[in-house]
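J.: Make a model of this:
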Amino acid sequence: MPKVYVTVIGGSKETDQRVLRIAEEVGRLIAEKGAILVCGGRGGVMEAAARGAKKAGGLTVGILPGFNRDEANPYVDIAIPTGMSQARNAINVLAGDVVIVVGGTAGTLSEVGLALAYGKPVVAIKGTGGVADLLAGRRIGPLTVYSASSPREAVELAFSLTERDVQTA
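T.: Numbers count the residues shown, from 1 in each chain. Take a look at the predicted model:
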């Protein structure tokens, strides 16, 4: 079976240490399952998730908004500069088989919308604030943003949704 790619999204300027610990745990759990972590490659939730994945020996990919690989956080293995600013959000969510939301602001909201439009399953961790709390468990037309209450539940749910999509494809 091919490797699973999990995109983790959230605020690039997140400073709440509890939210950052949750993002790091999500990254660790993704790596422990042998999946590849995809993120926006910069700070905040993205850096915390990549750090967690790296601590667990995982592979990380950063889809960067600028023109230079040097803007990636130190935990990104593969840095992909796009020169597309926020438009790179489409690439970020398309690169994953499933998307996990930790907190987040306006950029995160656009990523959730794009993920749903592209048919990607989205899991939001309730209690992390921002976009995750706004959308966890909500239906948007026929689409659902799935809700999880912990990093472990989010990763397990993400993998089960990925398996379901693979089986029906």
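J.: Any chance of the backbone angles for residue 43?
T.: Main-chain torsions, residue 43, degrees, to the nearest 10: phi -90, psi -170.
J.: Count the residues that sit near it.
T.: Using other C-beta atoms under 10 Å, residue 43 has 16 neighbouring residues. Heads up, the C-betas are built off the backbone N, CA and C, glycines and all.
J.: That one is in contact with residue 12, isn't it?
T.: Yes - with contact defined as C-beta atoms under 8 Å, residue 43 and residue 12 form a contacting pair (5.2 Å).
J.: Could you tell me the per-residue confidence at the closest residue to residue 32 other than its chain neighbours?
T.: Spatial nearest neighbour of residue 32, chain neighbours left out: residue 56 (5.1 Å); criterion: C-beta to C-beta, 6 or more residues apart in numbering. If you check residue 56, the pLDDT there is 98.
J.: For residue 56, list the residues it contacts.
T.: The neighbours of residue 56, taking C-beta atoms under 8 Å, 6 or more residues apart in numbering as the test, are 27, 28, 29, 31, 32.
J.: Skip the chain neighbours and tell me the closest residue to the second one.
T.: Meaning residue 28. Nearest non-adjacent residue to residue 28 (C-beta to C-beta, 6+ apart): residue 52, at 3.8 Å.
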